[in-house]
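Q: task: produce atomic coordinates for the following.
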Amino acid sequence: MAKRQAFDPIHAYRTMVRIRLVEEALVRAWADGFVPGEYHSGIGEEGINAGVIMHLAGNDAMALDHRGTGPLVARGTDPLGLMLEVMGSEEGMNAGRAGHMHLMDPNLHAAADGIVGSSAPLAVGHAVALQRLHRGHVAVAFHGEAAMNQGMLMEAYNLAVAWKLPVVFVCKDNRWSITTNSAEVTGGDLIERSRSFGLVVEQARGERVAEVYDAAGKLIRRARKGRGPGFLYVTCHRPGGHFEGDPIVEVTKHPFEQSAELLRELRPHLQSRAGGSRREKTRGLRELVSRSRRAMRDWSGGHRKDPLRRARKAIPEPTALQIEASEGEAIDSVAVEARERVGPRQAFAPRGEHT
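A: Numbers count the residues shown, from 1 in each chain. Purely as a prediction, here's the structure:
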């Protein structure tokens, strides 16, 4: 059973830098056409991942969502195998069959699932096994706030409390359900909702890794002692939007070009007699503009909520520079090797200006 340890800001910053570098390398790979389909970056969640995972070891298990790259990197998954998997290579950690939303590292008892809310029942399954086979260990589920409207997640909460399972549910609230503000589609208060199941609750701001570490530690230590499940509510920022190339985020980067393109696409629908009156269409357009402005205000101010920016202030400048240099060199080398192994592809077209 892991003992209580003091927060180590240097270790936390190194972990967060490594996560960010891997994510940025995969974002560039997506832009250059090396990654098939969408890519859901976890940039902005580094403080949550590091703060929670610094408490995990041995047979502790993780159930991840569609932004599962960061937790795996934090836990020690080989970044080369991970990058190759995301790029769809047969040399990847799951033989190229998982992509980025279904990554699995059996050595770490860790797996991701792209179905919204599925991490909770997966973690409950892990917890049942741990309760019987590896007492003193815990399972952790990572999910977003929108997942709390899914039935299977509610069922998982209920069973975890009823069976007093060693599991901690980590709710990452970035306030957005794809492009809909979560408050518009969620009734009540999420913290009170979780308490209604009998879960013990802790809260933290996700951009403050030390705060996450302290809150997560209380719940994880409690679960290890067999005192039942917990719920960690953490706020965070989603600077890249729902996925890379998110059109609303692109508007914040290139407002005039993207707005003109959007209007070109909408004009035929606005002029057509089909699909409602012109007044109704105008009302819908105003609502679209209002939602876009709200998202732009939120996402454009993300630098203030950058967990790395805050964590860097807690350690000496020379130490931060050394960490950034050493981790940067290591991950750059891995990224180059991954691209070389994949080689040129015709199947995935480059995005944007990259070639």
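
Q: where does the stretch 151-300 of the chain have low pLDDT?
A: Scanning the stretch 151-300 of the chain with the threshold set as pLDDT under 70 gives 247-256, 258-262, 265-266, 269-271, 273, 275, 281, 285, 288-289, 291-300.

Q: where do the strands sit along this structure?
A: 61-64, 104-105, 110-112, 139-144, 167-173, 176-177, 180-181, 200-205, 230-235 (DSSP state E).

Q: quick one: work out the angle between the last one and strand 139-144.
A: What that stands for is strand 230-235. If you take axes from the mean of the first three to the mean of the last three CA atoms, to 10 degrees, strand 230-235 sits at 30 degrees to strand 139-144.

Q: same for strand 230-235, what does it pack against?
A: Helices and strands touching strand 230-235, by 3 or more CB pairs under 8 Å, 6 or more residues apart in numbering; DSSP states H and E, are strand 167-173, helix 190-196, strand 200-205, helix 209-224. For the C-beta atoms, the positions are set from N, CA and C on the backbone; glycine is no exception.

Q: okay, the longest one in PDB with CA atoms only?
A: Going back to what we said before, that points to helix 209-224. Provided in PDB are the C-alpha atoms of helix 209-224 (Å, rounded to 0.1, in the frame of the first residue of the first chain):
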ATOM      1  CA  VAL A 209      -1.500  20.600 -10.000                       C
ATOM      2  CA  ALA A 210      -0.700  20.800  -6.200                       C
ATOM      3  CA  GLU A 211      -4.400  21.400  -5.500                       C
ATOM      4  CA  VAL A 212      -5.400  18.400  -7.600                       C
ATOM      5  CA  TYR A 213      -2.700  16.300  -5.900                       C
ATOM      6  CA  ASP A 214      -4.000  17.100  -2.500                       C
ATOM      7  CA  ALA A 215      -7.600  16.500  -3.300                       C
ATOM      8  CA  ALA A 216      -6.900  13.300  -5.200                       C
ATOM      9  CA  GLY A 217      -4.700  12.000  -2.500                       C
ATOM     10  CA  LYS A 218      -7.500  12.200   0.100                       C
ATOM     11  CA  LEU A 219      -9.900  10.100  -2.000                       C
ATOM     12  CA  ILE A 220      -7.300   7.600  -3.200                       C
ATOM     13  CA  ARG A 221      -6.000   7.000   0.400                       C
ATOM     14  CA  ARG A 222      -9.500   6.500   1.600                       C
ATOM     15  CA  ALA A 223     -10.300   4.000  -1.200                       C
ATOM     16  CA  ARG A 224      -7.100   2.100  -0.500                       C
END
